[in-house]
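[1] Build me a model:
(one chain, ligands or ions: 1)
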Amino acid sequence: MSILSILMKSEPDEPASGPQPDCPLCAATDEAVIWRGAFWRLIDVRQPEYPGYIRLVLNRHVTELSWLAKPEHDQLFKLLLAIDELMRKELRPQKINIASLGNQTPHMHWHIIPRWQDDPHFPQSIWSSPQRELIRPPDERQQAVARLFEKLPKICTKTVY
Ligand SMILES: [Zn+2]
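    Predicted coordinates:
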């Protein structure tokens, strides 16, 4: 590895980051986009049992955190922090789950999931076996989510620009 490649943080095994033909996040067409920036976009996952569940998706195809360019990872942490804070204030959930897995869709994306004690999987992850019957989330929760979604674009823009 040359000094230049160390300085540039380029990795010999980093895969091409152009759009990948079979990647659902490179070719997404029916996303409910809440906000779109130069590097990241925020998506409403539209999962009825999890109101407020959103996804922060990198605009280009990168699979691992350490392959993000500096402005991408700088913005990532700022955005996660700002979204977490706004979600906590607007929704007052029991917990906020933030996760990046990518085993099935390796294109870098982060799940941000407000959790309540009456949700179907609490206290397990939303990908585990259900713990109880699904109940319709209360109206106040839906209204708080609507307020959150209204405020998110402004907060995201303010955070990164
Ligand atoms: Zn992709």
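[2] Would you tell me which residues of this protein are close to the ion?
    20, 23, 25, 26, 61, 107 (Cβ under 5 Å from the ion). C-beta coordinates here come from the backbone N, C-alpha and C atoms, glycine included.
[3] give me the element the first one is part of.
    Spelled out, that is residue 20. Under DSSP states H and E, no helix or strand contains residue 20.
[4] Got the phi and psi for it?
    When read as degrees, to the nearest 10, the backbone of residue 20 gives phi -100, psi 130.
[5] quick one: contacts for it?
    Neighbour list for residue 20: 26, 61, 107 [criterion: Cβ atoms under 8 Å, 6 or more residues apart in numbering].
[6] And the residues of the chain next to the ion, which two are furthest apart?
    20 and 25 (8.9 Å; Cβ to Cβ).
[7] any residues in contact with both of the two?
    With Cβ under 8 Å, 6+ apart, residue 20 and residue 25 have common neighbours 61, 107.
[8] all helices in this protein, in order from the N-terminus.
    Remark: helices assigned in the chain by DSSP state H are 3-7, 70-91, 139-160.
[9] Columns mean neighbour count on top of the ones you listed, output as JSON lines?
    Listed next are the helices of the chain as JSON lines, based on neighbours: other Cβ atoms under 10 Å:
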{"stretch": "helix 3-7", "mean neighbour count": "9"}
{"stretch": "helix 70-91", "mean neighbour count": "16"}
{"stretch": "helix 139-160", "mean neighbour count": "15"}
